[in-house]
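In: Just a sequence and a predicted model for now, questions to come.
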Amino acid sequence: MNSENEEVKYSGNPLFEEPFTADPSVLVHNDTLYLFTGSDEQVEGVDGFLMNKWYIFSTTDMVNWTNHGSKLSVDDFEWGSHNAFAGDIVENHGRFWWYVPIVHKDPATRVNEGFAMGVAVADHPTGPYHDPVGEALIMDTTTNSIPLNIDPIVFVDDDGEVYFYWGSWNEVRMVKLKSNMMELDGPVQNVEGLTNFFEAPYVHKRGDTYYMSYAAGYPSRTEYATSKSITGPWKHQGVINDTIPNSPTNHQAIVNFKGNDYFIYHTAGLENGGPFRRSVCIDKLEYDENGLIKKVVRTEKGVSMIE
């Protein structure tokens, strides 16, 4: 406990001055929070995303962070061409599964925008990671996929069943995965009822309620829906995070760590930042007495140190 004379330490927002980071995913393992991000490499003043690798950071107290460096890149996938967009990490069977979208290098698979999604696996959150399949799990040629196959989120439910969500351009899909985490288990299904959905689905569970947050509209704010089942039906509940100055994208992760709830997102908050030079931030997430999420108050100080 802090004494009255001891200054409370805060993380600060954005979390890191370098590298530029975006599209957070998060994992708690052995009292450590691991943050997985994309990396904006575009030079200042130039439009368009330039993203080739992902980074891992970790903390035990929310203030002191370790940068473990880039632990995964487009080059780690033989089938990958370019565009290391938003990924998601999940633990299952004692291993760590990192699902990522990349433009496929095979022209025969690029029916629409060419993005495909694959997985890398490791025995520790910081890697080393490798592609155990050698091919994408979802491509343009996958039945009932969407024109822009990005923003995967994989959720392991309490009964061990595994659900793979993704979406963009106002469409969202779901498919079950087999227990091996590397194969589809059934057909790709449409997901209905996510009001204003644009992209970036994210699932978390609190008690017996499932929360589906997502980027809504464009420029995007973060909205969410709730359900008593991982497969819906979903009830729209409102806005969590308003649109972000100078960044039309809005991509979130939500986590409980050591009894505290956090909302992790990106802004263009650095002095030399911009729409293609983003930076990850963290603020408190709060629920009301009915379990509904209160709108996030974005801060420059971030979150306080915890033990």
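Out: Okay, I see it. Quick caveat, the model's predicted, so the values are computed rather than measured.
In: switch to C-alpha atoms for all contacts and neighbour counts from now on
Out: Will do.
In: Does residue 132 touch residue 121 like I think?
Out: Yes. If you go by Cα atoms under 8 Å, residue 132 and residue 121 touch, sitting 6.9 Å apart.
In: Those two: which is more packed in?
Out: Relative neighbour count places residue 121 above the other of residue 132 and residue 121, with 23 against 13, counting by other Cα atoms under 10 Å.
In: Let me know the distance separating that one from residue 93.
Out: With the distance defined as Cα to Cα, to the nearest Å, residue 121 ends up 11 Å from residue 93.
In: do residue 18 as well
Out: Distance, residue 18 to residue 93, by Cα to Cα: 34 Å.
In: same deal with residue 202?
Out: 21 Å.
In: give me phi/psi at residue 74?
Out: The phi and psi values for residue 74, taken as degrees, to the nearest 10, are phi -50, psi -40.
In: Surely residue 286 touches residue 263?
Out: No. Under the contact definition of Cα under 8 Å, residue 286 does not touch residue 263, with a separation of 9.1 Å.
In: Pass me the low-pLDDT residue ranges in this structure, would you?
Out: In the predicted model of the chain, residues 1-5 satisfy pLDDT under 70.
In: all helices of it, in order?
Out: Applying DSSP state H to the chain gives no helices.
In: got a list of what residue 226 touches?
Out: Contacts of residue 226 were listed using Cα atoms under 8 Å, 6 or more residues apart in numbering, and they are 209, 210, 211, 212, 234, 235, 236, 237.
In: And those residues, which of them are buried?
Out: Taking 16 or more other Cα atoms under 10 Å as the criterion, what is buried in those is 210, 211, 212, 234, 235, 236, 237.
In: Who are the contact partners of residue 275?
Out: With contacts taken as Cα under 8 Å, 6+ apart, residue 275 has the following neighbours: 246, 247, 248, 249, 268.
In: If anything else comes up later, I'll come back, but that's it for now.
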